[in-house]
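1. The sequence and its predicted three-dimensional model are supplied below.
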Amino acid sequence: ASLRHEYSEPGAPAFTDNNLRFKEILLNVPVTKAYTLSMDTYGEILSAGNSNYVFEISFENSATGANPNKQFFNTAGNTWFTASTTQTLPPGDYYVRVQIWNPGFNAGLEYNLFLDNIVVVED
């Protein structure tokens, strides 16, 4: 399945954020281990100006909200891109988090973000 999220904050200051949290499926980590998160992304740019978009992916602890190991991406729109990060997680329950930014180089950015093939693998 795919997810489409419309991101539109015209006129908002640079680096305001929008979070997508996949809370229905938790990753249970019984002992400290490394996990790799990957997903295919497509940013369909709807606004004029720079065609890049920026976002972060991470695992967020469901109890504390901690997600210190964010992976940042600044990538070209209108093409598929595979985002990936490997993080060592302490014991706990985690969900996948995507944080979308309104970058300074295009404060009026508007785009549809498509996410597909979200995979978590224990390393």
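-> Nice, thanks for sending it over. Everything quoted here is computed from the prediction, not taken from an experiment.

2. now the least confident helix or strand in the chain by mean pLDDT, how far from the chain's geometric center?
-> Using mean pLDDT, DSSP states H and E, the weakest-scoring helix or strand in the chain turns out to be strand 2-8, at a mean of 71. When distances are taken as Cα atoms, centre = their mean, to the nearest Å, strand 2-8 is centred 11 Å away from the chain's centroid.

3. And it, what does it pack against?
-> Under the contact definition 3 or more Cβ pairs under 8 Å, 6 or more residues apart in numbering; DSSP states H and E, strand 2-8 sits against strand 17-29, strand 110-122. Every C-beta, even on glycine, is put in place using the N, C-alpha and C of the backbone.

4. who are the neighbours in contact with the residue lying farthest from the centre of the chain?
-> Farthest-out residue of the chain from its mean C-alpha position, per Cα atoms, centre = their mean: residue 31, at 24.6 Å. Residue 31 makes contact with residue 91 under the criterion Cβ atoms under 8 Å, 6 or more residues apart in numbering.

5. So residue 113 is in contact with residue 43, correct?
-> Yes - applying Cβ atoms under 8 Å, one finds residue 113 in contact with residue 43, separated by 5.6 Å.

6. wait, what's in contact with residue 71?
-> Counted by Cβ under 8 Å, 6+ apart, residue 71 has contacts 56, 57, 58, 83, 84, 85.

7. meant to ask about residue 23
-> Residues near residue 23 by Cβ under 8 Å, 6+ apart: 62, 95.

8. let's have the chain start at 759 instead
-> Sure, I'll start numbering at 759, so the last one becomes residue 781.

9. Distance of it relative to residue 792?
-> Computed as Cβ to Cβ, to the nearest Å, the residue 781 to residue 792 distance reads 23 Å.

10. Same question for residue 766.
-> Residue 766 is 36 Å from residue 792, by Cβ to Cβ.

11. What are the contacting residues of the least confident helix or strand of the chain?
-> Strand 760-766 has contacts (Cβ under 8 Å, 6+ apart) with 776, 778, 804, 811, 858, 860, 867-874.

12. follow-up on the earlier one: who has more neighbours out of residue 766 and residue 792?
-> residue 766 (14 against 11; other Cβ atoms under 10 Å).
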